[in-house]
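[1] Below are the sequence and a predicted model for it; my questions follow.
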Amino acid sequence: MRFGMIVAVALSIGTAAYAGPFTLTGSIAAVEQLDTNATDPSGSNIQTLEGEFAINANAGSGYLNVLDASGNWVVQNLLLGVSGMSGQITDRMSLLAGTTNLSSENLTADLSATPLTSFNTSIASSLSDTVSTLGVTEMTLAIGGTVTNSTLTDSEDGISLNPAGNVAFGGGANSITFQTGHQNVEAAVNQCAPAAVANSLTYLGVNPLGNNPGSFGSPQIPYANSLVAALDVAMGRSATGCNGGPCGVWPLLGKLNYIGQNPSLAANLTVNYQDATTGQGLTGNQTNNGVTAVYQGRPTWSYIQSELAAGEDVEIDIQWNCGTAINPQTCRHYVEVTGAGTILGQQWITTVSDQLQGQVGGTNTTQFDWVTGNNGLPGWGTGAIIDQVITESTPEPGTIALLGIGLAGLAGFRKYRLG
């Protein structure tokens, strides 16, 4: 059975109704100067500088829009108050162009009852929106991926996103499919794939072990009560390899291997997948240890949304450029998808993962991302894509409740550090 509900509704569309000035304070919101940190074969670190806006997911009801000091629309129609969403929600953003070691940001925010097609300083002034100052926290996110031939050493190369990282809004529909009740387990450095699969099996109610990560799931310790650690072994991830560089793994074949080791899982799970040529490059049905994943073509947002609406669990791999123009690098991060929808026709997804890999914390967060085309992720920079999708279900899903979207009130907010 599934331990959650599915919110699946069409949202109303109408003339933008502004809720007036919305004050951002450190008790509900934060700005993070987010360094993506990877290690090259020589042992040097490579970092690219990005920004992230975090806010209590229930800090208000409606669509949050934010301008920076230069008038860039850096947070666009971020949906707050979704029923069943708790903790904080994050949205990648650009910091002021060319700025490193930023200590604070002056932001102008507005909360509207319906999404906006545009937002600028003139609109903000006409609405008497006020400027809020938020401190900026330096954070480092440990990731997996392929990092080669880098000569950078802990350098901050400026902004890797476009000035606003924006998407364009038309007159399309507003909709939301959101699955409640997803676990977000602690993960070790580069352990995102085993953690995403552990989250998926727990959501489906077929976790035969416990949720204890057990020293972050290191396979060097007993894992009788740690699904993450058991998946580490099934996927062939070497925890000791992280000391000399990235040790992330592709999860599909290892997941099939683990399912095949457990007859009750093999008899009760149906697995499907999509893969890009720039991902693992798989095509056709894939079988390992007697369990088969059915090939569903190249990754698309529409497939992800339809699987969520059908009660399937969905994991995806995010591929993005984490180097510089001189030293281009490819990084990846596996996450579990919790929601998908459209805002004025623009596609979006929400995901969960441990954003503080290797340390306690970082699991109280839902990541919001726009999706362009079939699988583009502009918030992760130019060329970022969803390059693999894995879905699974049990043959007899639990009770699914279709709810109207509830817009909740204020809830607690906790900052988190990425590293």
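    That came through, no problem.
[2] Quick check: residue 134 touching residue 105?
    Yes - counting by C-beta atoms under 8 Å, residue 134 touches residue 105, with 5.5 Å between them. Heads up, the C-betas are built off the backbone N, CA and C, glycines and all.
[3] which residues are common contacts for these two?
    Applying C-beta atoms under 8 Å, 6 or more residues apart in numbering, one finds that residue 134 and residue 105 are jointly contacted by residue 31.
[4] Those two: who's more crowded?
    Applying other C-beta atoms under 10 Å to residue 134 and residue 105 shows that residue 105 carries more neighbours, namely 23 against 18.
[5] show me the contacts for the more buried one.
    The contact partners of residue 105, by C-beta under 8 Å, 6+ apart, come to 31, 68, 69, 95, 96, 133, 134, 136.
[6] got TSV for these, with secondary structure, pLDDT and distance to residue 205 too?
    Shown next, in TSV, are the contacts of residue 105 (DSSP: H, G, I helix; E, B strand; the rest coil; pLDDT from 0 to 100; distance: C-beta to C-beta, whole Å):
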residue	secondary structure	pLDDT	distance to residue 205
31	strand	87	38
68	coil	88	44
69	coil	87	48
95	coil	71	42
96	coil	63	46
133	strand	91	46
134	strand	89	40
136	strand	82	41
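[7] Which two of the residues you listed have the greatest separation?
    Maximum pairwise distance among the contacts of residue 105 (C-beta to C-beta): 14.0 Å, between 95 and 133.
[8] more crowded one of the two?
    For residue 95 and residue 133, the more surrounded residue by other C-beta under 10 Å is residue 95, and the numbers stand at 25 against 13.
[9] Name the nearest residue to that one, ignoring sequence neighbours.
    Leaving aside its sequence neighbours, residue 95 sits nearest to residue 51 (C-beta to C-beta, 6 or more residues apart in numbering; 4.0 Å).
[10] same deal with residue 168?
    Counting by C-beta to C-beta, 6+ apart, the residue nearest residue 168 is residue 346, at 7.5 Å.
[11] what's the burial count for that neighbour?
    Residue 346: 19 surrounding residues under other C-beta under 10 Å.
[12] How about residue 275?
    Look at residue 275: counted by other C-beta under 10 Å, it has 25 neighbours.
[13] could you redo the contacts of residue 105 as a markdown table and give each row distance to residue 125?
    Output for the contacts of residue 105, formatted as a markdown table (distance: C-beta to C-beta, whole Å):
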| residue | distance to residue 125 |
| --- | --- |
| 31 | 22 |
| 68 | 15 |
| 69 | 14 |
| 95 | 23 |
| 96 | 20 |
| 133 | 18 |
| 134 | 20 |
| 136 | 25 |
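[14] pull the CA atoms of stretch 353-360 into CSV?
    Extracted in CSV, the C-alpha atoms of stretch 353-360 (Å, rounded to 0.1, in the frame of the first residue of the first chain):
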residue,chain,number,x,y,z
SER,A,353,16.6,14.4,-1.7
ASP,A,354,19.1,14.8,1.1
GLN,A,355,20.6,18.3,0.5
LEU,A,356,23.2,17.8,3.2
GLN,A,357,24.8,14.5,2.1
GLY,A,358,27.2,13.1,4.6
GLN,A,359,25.9,15.1,7.6
VAL,A,360,22.7,15.1,9.7
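[15] in its sheet, what does whatever helix or strand residue 66 lives in sit against?
    Using DSSP states H and E, the element containing residue 66 is strand 62-67. Applying DSSP bridges, strand 62-67 is found paired with strand 73-80 (antiparallel), strand 104-112 (antiparallel).
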